[in-house]
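Colleague: next come a sequence and a model predicted from it.
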Amino acid sequence: MSKLTLDDLRKMRESLKIDMDKRDSQQDTRIVVGMGTCGIAAGAKKTLNAFIDELNKRNLKNIAVKQTGCMGNCNVEPTVEIFMPDMPTTLYGNVTEDTARKIIQKHIIDKALLDDHIQDKPSIDIVKH
Amino acid sequence: MPYKHYILICSGTACESSRSREIHDHFMKEIKDHQLENDVQVVKTGCFGFCEQGPIVKVLPDNAFYVRLKPEDVREIIEENIIKGRMVKRLLYNPKDDKGRHPMTDVANIDFYQKQFRIVLRNCGVIDPEKIDEYIARDGYKALEKVLFEMTPDQVIEEVTKSGLRGRGGAGFPTGMKWSFTKKAPSDIKYIVCNADEGDPGAYMDRSTLEGDPHSILEAMTIAGYAVNANKGFIYIRAEYPLAIERLNIAIAQARDYGLLGENLLGSSFSFDIEIRLGAGAFVCGEETALLASLEGERGMPRPRPPFPAVKGLWGKPTVINNVETWANIPVIILRGAAWFAKIGTEKSKGTKVFALTGKINNSGLIEVPMGTTLREIIFDIGGGIKDGKQFKAAQTGGPSGGVIPAQFLDTPIDYDNLIAIGSMMGSGGMIVMDEDDCIVDITKFYLQFSVDESCGKCAPCRIGGYQLLHLLEKITNGNGSMDHLDKLSRISQAMQKASLCGLGQTASNPVLSTMKYFTEEYTEHIQNHKCRAHKCSHLLKFDILIEKCIKCGLCAKACPVGAISGDREKGYLIDHTKCIKCGLCFERCKFKAITRG
Ligand SMILES: Cc1cc2nc3c(=O)[nH]c(=O)nc-3n(C[C@H](O)[C@H](O)[C@H](O)COP(=O)(O)O)c2cc1C
Ligand code: SF4
């Protein structure tokens, strides 16, 4: 990649923002796994793989599985946030491999929330407000 | 077809005990009565915090947050909120006056109940830390753009000064002032350093920030480079943080690739680059002068200050050294402006503080709150209260350099100055919650042992003083203490504070002084009555069998690993105190509470 100029960076940010807004208006389904040291120690890598495996098995396309840093809910790691059309964005805690597969069935396919795992997002997003 | 509404019922232990099950059943019944089964899903969730206000129910997608619900309120929620789409105001959480700490309570549509406010952690858990594009899309490197093309170096420093930002690495020194010292120091070479050594036991704020949002640190260091005219930065990070190091390496490579690090950033005349240096994990290497020595390849031992690193630092050159969390605030201050930032927090402590909340707390984790938030809000509203419904005893802040905050200060707004005034300190942000089962003398011994292990040994007050303090505490917890030890403890402590060379020795005795002040009774109990009320100091324990309760089952004798319990099922059993190693196995095993622990 050649070095950016000020103009390049500004243009790039604008177009990335448009992509991001599209994503946030929830036209795509995204599964985001918290992969900080704490999450990984609690098994987040296995959880991530379980999501990918289950999506493959069921031949579900157009669902992105992504990683992010620590969301701060260390007592309920691994944590996973699900973004999808027609459903409230949901943060799940204690997502083991087994729970990951249940989330695909119940949340993604049946469009219902899963009992006992929902956590509260800790605060508003200052970048957006 | 998805549901139209979701009713989330908090099923944390505290809410369960305050009738959340009954509420759940009422919702199910009302939903059935109103034939809403296909429109509404009732879901049990993990703990929302706010346990003192339970039972708690949240309705989505409206985001209505109802507290202190009674079963008889359920029908109203169904008929008003679910059917007519009008929230039931009477039952909504009512934000107490947050004393202006929170600048966003006037923004429409925010979740008022949330006590946390994320500046430092704004991107953690939101972006993929390995993708620079995601950082850029969330206004990343926009602050750098702004300083390079719209601000002079002096304006940058003035903005940081006006924001009131103070160092988050422990001492709370005003960041803008530090930068201006380096700016003014005449030298053609200057350095920027990020202190990512994070050595306090129980603290992991910096690690999480680096792992979750590495670019924010790179951007901030570059901004400081521009402000003080430095072209080179170093991140000193402990080798025990492999994931943070990996993500930093990826971030640096991406930033170089985009021309956000390197020569002539974004086509300007300013050049800046950053390198990573690994530390071996000695606590004292977090102290700034020891850190610089270690960076230079010397043994990590502190040097006398002054001269301060800001004027004479790395290889003798003026050096700005700031903590990870301090850095993470900088881009936001530049973008939002000092005035916005200065609205958050208390008079002398601006912005937020990240705490790693651990110990006997239900929701342990990483939290970020406006300065001035009280301990009660942190522990009970965010932390979900003490585990197993036990009594709060104290919170430890400031790690081995800090002290304890006992229950009487639960409502003190937490900021730099208030914590110092009550004998603790902010430190880097570890917060360990203790309950009635923790022995205060034992905890103090733990912190002191840490400081003694980590002392570099360069100066006598710390090297010898720390050891002597530890020795005295051991005597007290072993049952060999005497009352004049208390006086000795405080005299040695004060000497260490005054005579030690660096912060480690100067503050190592803080846990001793603070606990002796607030928990004198517990110290005297150990010394005079040979009693440890938390049953932690095993030397002071004594186990006996209560003949009237004993049914002579013999389980205790089987459980004892050293054969200290003799007898048989006819005559009954007896504990031989000379053989007993106070492990407590018999006490745990006896179903009839026939063994006493004193
Ligand atoms: C024994 C000792 C250990 C320290 N450890 C750390 C540390 O791990 N991380 C840190 O940022 N500051 C640590 N400090 C504070 C640094 O000396 C220095 O004050 C800080 O890096 C300055 O940055 P700030 O102004 O952004 O807080 C330590 C100080 C002492 C005395
Ligand atoms: S106070 Fe302790 S750690 Fe600091 S220089 Fe002296 S011996 Fe070393």
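Modeller: Yep, that arrived. Please read all numbers here as calculations on a predicted model, not as lab measurements. Ligands and ions are numbered 1, 2, ... in the order given.

Colleague: where does pLDDT dip in chain B?
Modeller: Along chain B, segments meeting pLDDT under 70 span B:1, B:13-18, B:51, B:95-113.

Colleague: just give me the neighbour total for the residue in it positioned nearest to ligand 2.
Modeller: Of all residues in chain B, residue B:505 sits closest to ligand 2, at 2.5 Å by Cβ to the nearest ligand atom. Where C-beta positions appear, they are placed from N, C-alpha and C, glycine not excepted. Neighbour count for residue B:505, taken as other Cβ atoms under 10 Å in any protein chain shown: 26.

Colleague: helix, strand, or coil at it?
Modeller: Following DSSP: H, G, I helix; E, B strand; the rest coil, residue B:505 is assigned to helix.

Colleague: quick one: contacts for it?
Modeller: B:455, B:459, B:461, B:462, B:463, B:465, B:466, B:496, B:499 (Cβ atoms under 8 Å, 6 or more residues apart in numbering or on different chains).

Colleague: so the fifth one makes contact with residue B:451?
Modeller: Looking back up the chat, that one is residue B:463. No: applying Cβ atoms under 8 Å as the test, residue B:463 and residue B:451 come out as separate, 10.7 Å apart.

Colleague: between the two, who's got more neighbours?
Modeller: residue B:451 (25 against 15).

Colleague: three-state assignment of the more buried one?
Modeller: Residue B:451 ends up helix, using three-state DSSP.

Colleague: hang on, the earlier thing: wait, which of the contacts of residue B:505 is closest to residue B:190?
Modeller: Checking these against residue B:190 by Cβ to Cβ gives residue B:459 as the nearest, at 29.5 Å.

Colleague: list the contacts for the closest one?
Modeller: Contact analysis of residue B:459 by Cβ under 8 Å, 6+ apart lists B:499, B:500, B:501, B:502, B:505.

Colleague: mind doing that once more with 10 Å?
Modeller: By Cβ atoms under 10 Å, 6 or more residues apart in numbering or on different chains, the contact set of residue B:459 is B:301, B:302, B:304, B:465, B:496, B:499, B:500, B:501, B:502, B:504, B:505.

Colleague: could you measure from the third one over to residue B:341?
Modeller: Translated: residue B:304. Separation of residue B:304 from residue B:341 (Cβ to Cβ, to the nearest Å): 34 Å.

Colleague: which of these two has more residues huddled nearby?
Modeller: residue B:341 (24 against 9).

Colleague: nearest residue to the residue in chain B positioned nearest to chain A in space, please, no chain neighbours.
Modeller: Residue nearest to chain A within chain B: residue B:212 (2.1 Å; Cβ to the nearest Cβ). Nearest non-adjacent residue to residue B:212, counting by Cβ to Cβ, 6 or more residues apart in numbering or on different chains: residue A:69, 2.1 Å away.

Colleague: how many neighbouring residues does the one you found have?
Modeller: Neighbours around residue A:69, by other Cβ under 10 Å: 31.

Colleague: from residue B:218, how far out is it?
Modeller: Counting by Cβ to Cβ, the gap from residue A:69 to residue B:218 is 15 Å.

Colleague: next one: residue A:81
Modeller: In terms of Cβ to Cβ, residue A:81 sits 25 Å off from residue B:218.

Colleague: what's the answer for residue A:73, then?
Modeller: Distance from residue A:73 to residue B:218, counting by Cβ to Cβ: 26 Å.

Colleague: that older thread, looking at residue A:81 and residue B:218, which has the bigger crowd around it?
Modeller: Each of residue A:81 and residue B:218 has its neighbours counted (other Cβ under 10 Å); residue B:218 has more, 28 against 20.

Colleague: now stretch B:230-243 - C-alpha only, PDB.
Modeller: What follows is stretch B:230-243 as a C-alpha-only set of coordinates in PDB (Å, rounded to 0.1, in the frame of the first residue of the first chain):
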ATOM      1  CA  ALA B 230      10.100  14.000  19.300                       C
ATOM      2  CA  ASN B 231      10.400  11.600  16.400                       C
ATOM      3  CA  LYS B 232      10.800   8.300  18.200                       C
ATOM      4  CA  GLY B 233       8.600   6.400  20.600                       C
ATOM      5  CA  PHE B 234       9.100   3.200  22.600                       C
ATOM      6  CA  ILE B 235       6.400   0.900  24.100                       C
ATOM      7  CA  TYR B 236       7.800  -0.900  27.100                       C
ATOM      8  CA  ILE B 237       5.600  -3.900  27.700                       C
ATOM      9  CA  ARG B 238       6.100  -7.000  29.800                       C
ATOM     10  CA  ALA B 239       6.900 -10.200  27.900                       C
ATOM     11  CA  GLU B 240       4.100 -11.900  29.900                       C
ATOM     12  CA  TYR B 241       1.600 -10.200  27.600                       C
ATOM     13  CA  PRO B 242       2.100 -12.100  24.400                       C
ATOM     14  CA  LEU B 243      -1.300 -11.300  22.800                       C
END
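
Colleague: that stretch vs ligand 1: in contact?
Modeller: No: with Cβ under 6 Å from any ligand atom as the criterion, ligand 1 is not reached by stretch B:230-243; the gap is at least 8.4 Å.

Colleague: now that stretch: buried residues?
Modeller: B:230, B:231, B:232, B:233, B:234, B:235, B:236, B:237, B:238, B:241, B:243 (16 or more other Cβ atoms under 10 Å in any protein chain shown).

Colleague: same list, the residues you listed, but as a markdown table with secondary structure please.
Modeller: Output for the buried residues of stretch B:230-243, formatted as a markdown table (three-state DSSP):
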| residue | secondary structure |
| --- | --- |
| B:230 | coil |
| B:231 | coil |
| B:232 | strand |
| B:233 | strand |
| B:234 | strand |
| B:235 | strand |
| B:236 | strand |
| B:237 | strand |
| B:238 | strand |
| B:241 | coil |
| B:243 | helix |
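
Colleague: reformat these as CSV; add distance to residue B:189.
Modeller: Formatted as CSV, these follow (distance: Cβ to Cβ, whole Å):
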residue, distance to residue B:189
B:230, 8
B:231, 8
B:232, 8
B:233, 12
B:234, 13
B:235, 18
B:236, 18
B:237, 23
B:238, 26
B:241, 28
B:243, 32
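
Colleague: name the nearest residue to residue 75, ignoring sequence neighbours.
Modeller: As the question left the chain open, I've gone with chain A. residue B:364 (4.7 Å).

Colleague: oops, I was thinking of chain B
Modeller: Using Cβ to Cβ, 6+ apart and skipping the chain neighbours, the partner closest in space to residue B:75 is residue B:30 (5.5 Å).

Colleague: do I have it right that the residue nearest to residue B:212 meets residue B:251?
Modeller: No: with contact defined as Cβ atoms under 10 Å, residue A:69 does not count as touching residue B:251 (11.9 Å).

Colleague: what is in contact with these two at once?
Modeller: Common neighbours of residue A:69 and residue B:251 (Cβ under 10 Å, 6+ apart) are B:129, B:130, B:210, B:213, B:214.
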